[in-house]
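K.L.:
Quick one: sequence plus predicted model below, questions after.
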Amino acid sequence: MKKIITILGATGNVGSKTVKHLLGKGHTLRLIARGVEKLSAFKNESGVEIHSGTATDSDFLSRVMKGSDVVFLMMPADFTAVNIGAYQDKLGLAIIDAIKKSGVKKVLNLSSVGGHTEEKTGIVAGLARQEKRLNELTDVDVLHLRPSYFMENLLGNIPIIKNMHVNGSPIAADRAFPIIATADVARAAAEQLTSATWSGKSVQPLLGPKDYTMNEVTSVLSNAIGQPNLPYVQFPFDQAKQGMMQMGLNESFADAYIGLSDGINHGVFNLEKRDHTSTTPTTIEDFAANTFKPVYHSN
Ligand SMILES: NC(=O)c1ccc[n+]([C@@H]2O[C@H](COP(=O)([O-])OP(=O)(O)OC[C@H]3O[C@@H](n4cnc5c(N)ncnc54)[C@H](OP(=O)(O)O)[C@@H]3O)[C@@H](O)[C@H]2O)c1
């Protein structure tokens with residue numbers, strides 16, 4: 001059935017790939033992001049409406065969402081926010097307000113593994129608080145997608161590899177945890193938005209093909225870029241924090257990222273059940289060859 005589908009964050013990693021799955025199927029797609037330039041890439045597509053604005057503005061958001069059969073919502077971080085947790089709450093409350101004002105009854109919420117708790121989840125704590133708020137909406141059907149750590153996060157390590165000749169992060173070298181390609185998150189999101197059959201409140205974990213350690217990931221990435229035997233180094237938290245701040249991230253975000261890493265190291269993100277519904281196809285080898293290698297060699 002053709003639907004009116006609103007997508008917040010439509011130009012991001014997950015959002016843009018989700019849109020591409022849904023184009024040309026007869027749906028009306030209402031695409032939201034702040035930046036007009038990236039949104040404009042979709043403006044000539046049939047059935048697409050471009051809505052530039054911020055989701056912290058609940059009046060804007062509710063106007064766009066009104067009349068939608070289903071909405072795809074997420075909680076993008078603001079790296080410039082002085083207090084990332086306070087920003088997430090402001091955004092989360094504006095989204096809840098917009099759902100109520102618009103009368104939308106079906107929500108697909110992009111959360112994360114760890115979305116069940118604020119304990120030791122770092123930046124994901126804000127997503128856990130949003131899951132709770134959404135679950136308190138009485139007459140709205142909500143499905144929380146809980147994808148694991150994105151393979152695309154590894155693109156942020158390229159400067160470290162190029163400048164320090166190691167791969168490194170605050171995540172432990174030998175802790176296996178689920179890692180997923182955003183292409184697989186987008187495919188799952190598009191399938192759910194197309195059928196929109198969920199009711200009540202439910203959760204769908206999305207865990208990638210298997211759990212990987214950073215040692216394994218580094219071995220695959222280093223082979224793909226033609227630098228075999230690149231070592232992986234677990235940076236101490238204080239050193240990682242200083243490094244992130246030198247790269248321009250503010251202290252609040254650096255702390256939230258360290259918190260996430262600490263949670264990964266303690267297995268907090270290994271709790272979702274891996275089965276045929278949560279396991280997704282794209283391997284780290286696929287990602288290394290098709291995404292990491294070209295980006296590495298392009299800059
Ligand atoms: N990275 C991970 O490992 C991971 C794992 C699990 C779950 N997640 C969740 O997945 C979400 C999406 O990830 P992603 O990689 O697709 O994000 P992304 O590439 O950073 O994209 C964010 C999207 O949201 C838009 N946006 C940002 N702030 C906005 C605002 N205030 N109002 C309206 N639009 C806004 C951005 O466009 P503009 O900047 O132009 O507005 C962009 O379209 C994350 O925010 C996180 O909550 C991430």
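P.N.:
Yep, that arrived.
K.L.:
Excluding chain neighbours, what is closest to Phe216?
P.N.:
Phe isn't right for residue 216; it's Glu. Nearest residue to Glu216, sequence neighbours excluded (Cβ to Cβ, 6 or more residues apart in numbering): Ile284, at 7.3 Å. Any C-beta I mention is one placed from the backbone N, CA and C, and that applies to glycine too.
K.L.:
By proximity to the ligand, which residue of the stretch 1-150 of the chain wins?
P.N.:
The stretch 1-150 of the chain approaches the ligand most closely through Gly12 (1.9 Å), counting by Cβ to the nearest ligand atom.
K.L.:
Would you check that that residue makes contact with Arg34?
P.N.:
No - using Cβ atoms under 8 Å, Gly12 is not in contact with Arg34; the gap is 10.9 Å.
K.L.:
of these two, who's got more company?
P.N.:
Each of Gly12 and Arg34 has its neighbours counted (other Cβ atoms under 10 Å); Gly12 has more, 19 against 14.
K.L.:
Now do the same contact list for the nearest residue to that one once chain neighbours are set aside.
P.N.:
Leaving aside its chain neighbours, Gly12 sits nearest to Pro76 (6.6 Å; criterion: Cβ to Cβ, 6+ apart). By Cβ atoms under 8 Å, 6 or more residues apart in numbering, the residues touching Pro76 are Gly9, Gly12, Ala55, Leu91.
K.L.:
Distance of the second one relative to Met75?
P.N.:
Relative to Met75, Gly12 is positioned 11 Å away (criterion: Cβ to Cβ, to the nearest Å).
K.L.:
again with Leu193
P.N.:
Taking Cβ to Cβ, one finds Leu193 at 18 Å from Met75.
K.L.:
Also Asn167?
P.N.:
Applying Cβ to Cβ, the value for Asn167 to Met75 is 28 Å.
K.L.:
if we can go back for a sec, tell me the predicted confidence for the residue nearest to Gly12.
P.N.:
Here the pLDDT value assigned to Pro76 is 97.
K.L.:
first to last residue in stretch 70-89, what's the distance?
P.N.:
Stretch 70-89 has an end-to-end distance of 23 Å (criterion: Cα to Cα, to the nearest Å).
K.L.:
If you could redo that for stretch 46-64, that was the one I meant.
P.N.:
Length of stretch 46-64, first residue to last, Cα to Cα: 18 Å.
K.L.:
List the buried residues of it.
P.N.:
Judged by neighbour count (16 or more other Cβ atoms under 10 Å), stretch 46-64 contains these buried residues: Gly47, Val48, Ile50, His51, Ser52, Ala55, Thr56, Ser58, Phe60, Leu61, Ser62, Val64.
K.L.:
Please, which helix or strand holds the fourth one?
P.N.:
I take that to be His51. If you go by DSSP states H and E, His51 is part of strand 48-52.
K.L.:
Give the other helices and strands that that strand contacts.
P.N.:
Secondary-structure packing of strand 48-52 (3 or more Cβ pairs under 8 Å, 6 or more residues apart in numbering; DSSP states H and E): strand 28-33, helix 36-40.
K.L.:
Contacts for the first one next, please.
P.N.:
Spelled out, it's strand 28-33. 2-12, 15, 19, 22-23, 39, 42, 45, 47-53, 55, 61, 64-65, 68.
K.L.:
Would you map the strands across the chain?
P.N.:
Assigned strands in the chain, in chain order: 4-8, 28-33, 48-52, 70-74, 106-110, 141-147, 149-150, 167-169, 177-180, 201-206, 211-212, 232-234 (criterion: DSSP state E).
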